[in-house]
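**Student:** pasting a predicted model and its sequence here:
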Amino acid sequence: MTHTAAEPADTTRPLGVAMIGYAFMGKAHSAAWRTVGSHFDVPAIARRVVVGRDAGKAAEAAARYGWEGFATDWREVIHRDDIDIVDICTPGSLHADIAIEALKAGKHVLVEKPLANTIAEGAAMVSAAAEARTRGVQSMVGFNYRRVPALAHARNLIADGRLGAIRQLRVAYLQDWLTDPDSPMTWRLRRETAGSGALGDIASHALDQVQILTGQEVTEVSGRLRTFVEQRPGEGGPEPVTVDDAAWITAELSGGAVATIEASRMATGVKNGLRIEVFGERGALRFDLENLNELEFMEVTGPATEQGFRRILVSEPGHPYLEGWWPAGHIIGWEHTFTHQLRDFLTSIRTGEPPRPSFEDGLQIQRVLAAVEESAGARSAVVHLAPAPHAQS
Ligand code: SOE
């Protein structure tokens, strides 16, 4: 059924979910759809259908990940009466078409980051989301690291003033899966499917963290991009890599802080390290995704001889999102961030309170990514960003 504001969702049956895409993100989202209802108080859902172009692979994914069925035509699925939520896990080049059509059809939409491949696509998605919101239809971008308990806790500490004014941040999102020059081509290395490389895929997370942790927006950037390996083995022979392997950003923030951000898929030996350091006038925080249950915190209190970072194991029921899991000290992992993301998304659908990050938030990040590309293209120019037209209230 297609819901409108005048016609609230039928709460007597579970919300039907269609997931478009079944690869890495589809697998992660599937696990979250499977577990969210067992750990959090959310509206009931039914995992109706996985959609993918390759029928055989979609069927296999549906069976393995526990979906009722599979399909190959996302347009047809979106218009099915038993679908209420569309979860988009495809390459970025398909985000806009799928999201806009789903929102028009009255389906709530969750889309993987980055929001889109271009500002124009992102802007069209924002218009569709704003219009759908007037009908009670929700939309959200999947910046899942907002839902790492330690990072949500860090955000609370900063918002409570425990670090004082934030002066500087160092953020590095480093991976090494492209270190080998013979590592094959994928859609993630083609501009037409991915939009950009390490920049959109992982620097986008770093930028999101910089802004959400500080509550400050990026107002100015200077960027550098590098493609270290310019062609890789494709199916029919060598293919050009048309995106960046690594990105460097220096950013001014609206509240006066400065951030340096690095992202690389060729940081030899670092598997999936999102390392964040935040320095304030009265304290500091350190985090590394490879130890995601831990947060290091120091406060400038007491004698200097006794000051230093202490390690907080973020596993208490009172820590963000932990109430749904295990007794204190029983740690969680990377996949749980996707479950938390669904907890928040489904809660928004229940309450009618629009979720964050909104498509407007996603577009704002998209503008920063474009500014970094512009700066990198001009080699060292500083690109000033106009104040964001901004986010839904
Ligand atoms: C998911 O949030 C994601 O950004 C993936 O899309 C990246 O490829 C992964 O390496 C980090 O997590």
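**Tutor:** Arrived safely.
**Student:** would you list every one of the strands in the stretch 101-250 of the chain?
**Tutor:** 108-112, 139-142, 166-175, 218-226, 231-234, 237-240, 246-253 (DSSP state E, counting those that start in this stretch).
**Student:** residues making contact with the longest one?
**Tutor:** For strand 166-175, contacts defined as Cβ atoms under 8 Å, 6 or more residues apart in numbering pick out 158, 198, 202-203, 205-206, 209-210, 213-214, 216, 255-265, 267, 270-281. Placement of C-beta: from N, CA and C, glycine included.
**Student:** my guess is residue 176 contacts residue 245. True?
**Tutor:** No. When contacts are counted by Cβ atoms under 8 Å, residue 176 is not listed as touching residue 245 (10.8 Å).
**Student:** pull up the overlap in contacts between the two.
**Tutor:** Common neighbours of residue 176 and residue 245, using Cβ under 8 Å, 6+ apart, are 265, 266.
**Student:** these two - which one has more neighbours?
**Tutor:** Ranked by neighbour count (other Cβ atoms under 10 Å), residue 176 and residue 245 place residue 245 first, with 22 against 16.
**Student:** tell me the pLDDT at the more buried one?
**Tutor:** At residue 245, the predicted lDDT confidence score is 98.
**Student:** list the contacts for the residue of the stretch 1-150 of the chain found nearest the ligand?
**Tutor:** With Cβ to the nearest ligand atom, the shortest gap between the stretch 1-150 of the chain and the ligand falls at residue 144, namely 4.7 Å. Going by Cβ under 8 Å, 6+ apart, residue 144 touches 337, 338, 340, 341.
**Student:** where does the third one land in three-state SS?
**Tutor:** For residue 340, the reduced secondary structure class is helix; criterion used: DSSP: H, G, I helix; E, B strand; the rest coil.
**Student:** ditto for residue 367
**Tutor:** What three-state DSSP gives for residue 367 is helix.
**Student:** check it and give its pLDDT.
**Tutor:** Value listed for residue 367 in the pLDDT field: 97.
**Student:** is it true that it touches residue 116?
**Tutor:** No. Using Cβ under 8 Å, residue 367 makes no contact with residue 116, being 11.3 Å away.
**Student:** between the two, which one's more packed in?
**Tutor:** Set side by side, residue 367 and residue 116 show more neighbours around residue 116, with 27 against 17, by other Cβ under 10 Å.
**Student:** quick check: nearest residue in space to residue 274, chain neighbours excluded?
**Tutor:** residue 289 (3.8 Å; Cβ to Cβ, 6 or more residues apart in numbering).
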